[in-house]
Each structure stands twice: as structure tokens, then as C-alpha cells.
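Colleague: build me a structure from this.
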Amino acid sequence: MSMDMTTVGEPGLLDTLQHEVAVFARRAEQTRLGGVGQVRNSMDRAAYLLLNRLDKEGPMGVKALAASMGIDSSTVTRQVAPLVDSGLVKRTSHPEDGRAVVLQLSPRGTTRLEEVRSSRRQLMAELTQDWEPEEREQFCSLLTRFNGALSARMTVQGVAPAEQPPVS
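Modeller: Residues are numbered from 1 along each chain as shown. The predicted model follows:
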């Protein structure tokens, strides 16, 4: 699907956009956008996204969790192991099929996830404290749309899309 890029935007604007996205990606990785205070950087992105998904969708098996996150089962197994070890996720038997394993958030995991969410909300509030409410909404809407376009492109190219942000 070829597209005349001049219809999308001026080359200078597109250069600025790609540069700002690259800077954002680097800074997000450096700071891990982990929040503020004691909880800052206390949970890596993979753990946060796994716990968040289990919280939103409830208990599920490794395959279902992998599919819903757009990653493979071996990655989920590897990422979930330390969460089970630290007591944030419980492994239980499937109610109908005792051989199948179901992963679910433990009460401790729920508490921990809420601490991290709260810390991250506080960071977002601080970073955008001088923005108008409409600017926050517009930025959130555009970033969600941008992530959706990236995800769709990856799906078309046969690459599993990364975690989608929760819609609140």
C-alpha cells in the first residue's frame, strides 16, 4: 500500500515527529515512566502489563494471556515466573481441567498493582500539571490513536502487536 507522503504532512513535520517519537521512546525506557516516590521504578514494564491484564480480564491460562497480550507463550512463562515467586500471581488448577494451569492476581498482586498505578498516575499528573484538561484529553486520544496505528501495522506485517493500553 503505497502512499504519497506529501499528502500526510510536510517532510519537516514528519522529521520532527519521528525524532520526538525516538526521544520519547528512549526517555520512557530510561525513566521506565515508573511513577514517583517509593514506588518509582519498582516494577518493570513487562510485569506491570501482565498484572494489569490479569486484573482487567481475570484468571486465565498462559496461552490465553499470551494471545491477549500479543506475545508468545514462552515469553509469558518467563515473565510470570518471578511474579509467582514473589507472590504477586497465583498458579491454580483449571476448574474443569485439573491438568491446565490458570494464572490469577493474588491479593498481594492486586495491592501492589494499585500502588504502582497510583504512583504512575501521580507522575502523569506532574508531567502535565501546566496543561489544560482538554490538552491532556487530546494528547491521550492522539497517543492512543498512534499506538493503534502502530499495532495495526505490526499485525499486517505478521508481528504480534505489543500490549494495548487499557481503555478507561
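
Colleague: which helix or strand contains the closest residue to Val76 other than its chain neighbours?
Modeller: Spatial nearest neighbour of Val76, excluding adjacent residues (C-beta to C-beta, 6 or more residues apart in numbering): Ala66 at 4.5 Å. In this view, the C-beta of every residue, glycine as well, is placed from N, C-alpha and C. When elements are assigned from DSSP states H and E, Ala66 belongs to helix 62-69.

Colleague: going by contacts, tell me the helices and strands next to that helix.
Modeller: Under the contact criterion of 3 or more C-beta pairs under 8 Å, 6 or more residues apart in numbering; DSSP states H and E, helix 62-69 touches helix 45-57, helix 73-85, strand 101-105.

Colleague: quick one, helices of this protein?
Modeller: Using DSSP state H, the helices of the chain run over 5-8, 11-31, 45-57, 62-69, 73-85, 107-127, 133-156.

Colleague: need those in JSON lines with mean pLDDT, distance to Ser93 and mean neighbour count, can you?
Modeller: Formatted as JSON lines, these follow (pLDDT from 0 to 100; distance: least, C-beta to C-beta, whole Å; neighbours: other C-beta atoms under 10 Å):
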{"stretch": "helix 5-8", "mean pLDDT": "56", "distance to Ser93": "52", "mean neighbour count": "9"}
{"stretch": "helix 11-31", "mean pLDDT": "87", "distance to Ser93": "38", "mean neighbour count": "11"}
{"stretch": "helix 45-57", "mean pLDDT": "92", "distance to Ser93": "17", "mean neighbour count": "19"}
{"stretch": "helix 62-69", "mean pLDDT": "90", "distance to Ser93": "13", "mean neighbour count": "18"}
{"stretch": "helix 73-85", "mean pLDDT": "93", "distance to Ser93": "14", "mean neighbour count": "15"}
{"stretch": "helix 107-127", "mean pLDDT": "91", "distance to Ser93": "18", "mean neighbour count": "15"}
{"stretch": "helix 133-156", "mean pLDDT": "91", "distance to Ser93": "33", "mean neighbour count": "12"}
